[in-house]
Every structure is written in structure tokens, then in C-alpha cells.
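Visitor: Predicted model follows, preceded by the sequence.
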Amino acid sequence: WDIIHAQYITSAVRADQYPTPPLIEAAFIGRSNVGKSSLINSLCRRNGLARVSSTPGKTQTINFYGLQAKRTTEGQEERADFYLVDLPGYGFAKTAKTNKDKWSGFISKYLSGSDNLGLVCQLIDIRHKPLDSDIESYHWLLDCGLQVQVILTKADKLSKNAAMAQKALFKRELGLDDSRIMTYSVTQNTMRSELIGRIMTALEG
Ligand code: GDP
């Protein structure tokens, strides 16, 4: 699979603002500054699609992007449309209280109530140790019955060995197998097709 088209659709803070027609969705969450906008832009190969913000915690709406994926198997071309859903960052200190309220409000409502949500990609900065907020969010998502893909971002900031050690640590802490965790770097871009493959597998399932 490759992503061949991506466009911004709409932003929402309430269910009646979610886009129509409903399509299967892959959502992206993580703490502010984790590299979420950068990863979305890298995935879609569109710089500036999602805002790479200098002010952490700026994105305060649920943003929907319409994506089209394409693959060719044995000469047969197949296309699939889905929504990429960019969720506000959680756990940013400066707006912790407001963020917490929002997380218990429209964001958790979206995550626990969406019939179309096929996968949640939870982004964590590879340089950090597992934080309570990351671990709690992960288990909360599982409790909602959601499929979760953990992505350790900014892998280029560590040596290969240090990155592998961090991956092993998160695997242990969260009880993950290799199909549920991966590293990513927007500067190296080596895991892009792997991530697209994992998203499409989850959405097809
Ligand atoms: P967001 O707040 O989660 O959307 O994070 P951004 O995408 O705005 O990224 C936060 C900062 O991290 C920016 O300065 C990015 O350039 C940087 N960044 C994001 N991804 C990577 C990466 O894979 N490697 C490196 N070296 N920097 C990154």
C-alpha cells in the first residue's frame, strides 16, 4: 500500500461535526511535541498538511483528513479511502488542567464512541522513559476495545542500540509484541511503508 492522496476535511469538537460519509478511521494521539504533525506529513508526503507547531498544545480540535491508499497486486489495482484523525495532544504541563478536561470530554467521547475507529496510533518520544500518562492512556484505549499501534518517534535522535533498548523497555512496560510497536523517524523515513502496511492491515481487519 501507498498513500496517494491526502486532504484536510474538517475539524470537530462534537459528534455532529464528524464528517460524512462515515469511513473507517485511523487516529493519532500523543503528548504535545511528540512529533505527531511531522509524522502525519511524512506519512502523507505533504509538508504543511498537519501543522508542525512551535507552540505545544495548540491543536485543540479533532482534525479529519481524507486519505486514499493504493496497491497493485498481480496487475490488479485496489484503492481504499479512510480518514486519518489527528487528536489533540495529551499531558502538556502548561494546559494540563484544560487538556485533562478535554480528554475526559470530547476526545474520550470520540475514542470510546466511534464505530469506525479501526486503529489508534499512540505516539511516544523514543527518548523518554515510559510516563504514567502514556501507560494510562494505552490501557484506557485497550479497555475501550481499540486496536493500538505504539510508535516511538524521533528514532534518529538516539543511536541504533539506544533506540533498540528503548523499544525493548516499552515492549516490556506495555506488554506488547513486535507487531504492536515500531520506531519512526521523519528524517530517515525508513519505516514509512511499514507503518502504512500496519495501518491498512488494521483497517482491513
Ligand atoms: P506535535 O506537537 O506532536 O505535532 O510535534 P511536531 O510535529 O510539531 O514536532 C515537534 C518537534 O520535533 C519539531 O521541532 C519537529 O521538527 C521535531 N521532530 C518531529 N519528528 C522528528 C523526527 O523524526 N526526528 C527529529 N530529529 N525531529 C523530529
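Guide: Received, thanks.

Visitor: Contact distance from the ligand - what residues of this protein qualify?
Guide: The chain comes close to the ligand at residues 30, 32-38, 52-53, 56, 89, 153-154, 156-157, 185-187, as judged by C-beta under 6 Å from any ligand atom. Any C-beta I mention is one placed from the backbone N, CA and C, and that applies to glycine too.

Visitor: Keep only those of those that are in strands.
Guide: Using DSSP state E to define strands, the subset of the residues of the chain next to the ligand located there is G30, T153.

Visitor: Any regions of this structure where pLDDT drops low?
Guide: Residue ranges of the chain with pLDDT under 70: 52-59, 90-104.

Visitor: and the most centrally placed residue in it, what helix or strand is that in?
Guide: The centroid of the chain falls nearest to F28 when counting by C-alpha atoms, centre = their mean (2.3 Å). In this assignment (DSSP states H and E), F28 forms part of strand 25-30.

Visitor: Give me the contact list for that strand.
Guide: For strand 25-30, the surrounding residues in contact (C-beta atoms under 8 Å, 6 or more residues apart in numbering) are 36, 39-40, 82-87, 89-90, 110-111, 114, 116-124, 137, 153, 199, 202-203.

Visitor: Just the buried ones from these?
Guide: When burial is judged by neighbour count using 16 or more other C-beta atoms under 10 Å, the buried members of the contacts of strand 25-30 are 36, 39-40, 82-87, 89-90, 110-111, 114, 117-124, 137, 153, 199, 202-203.
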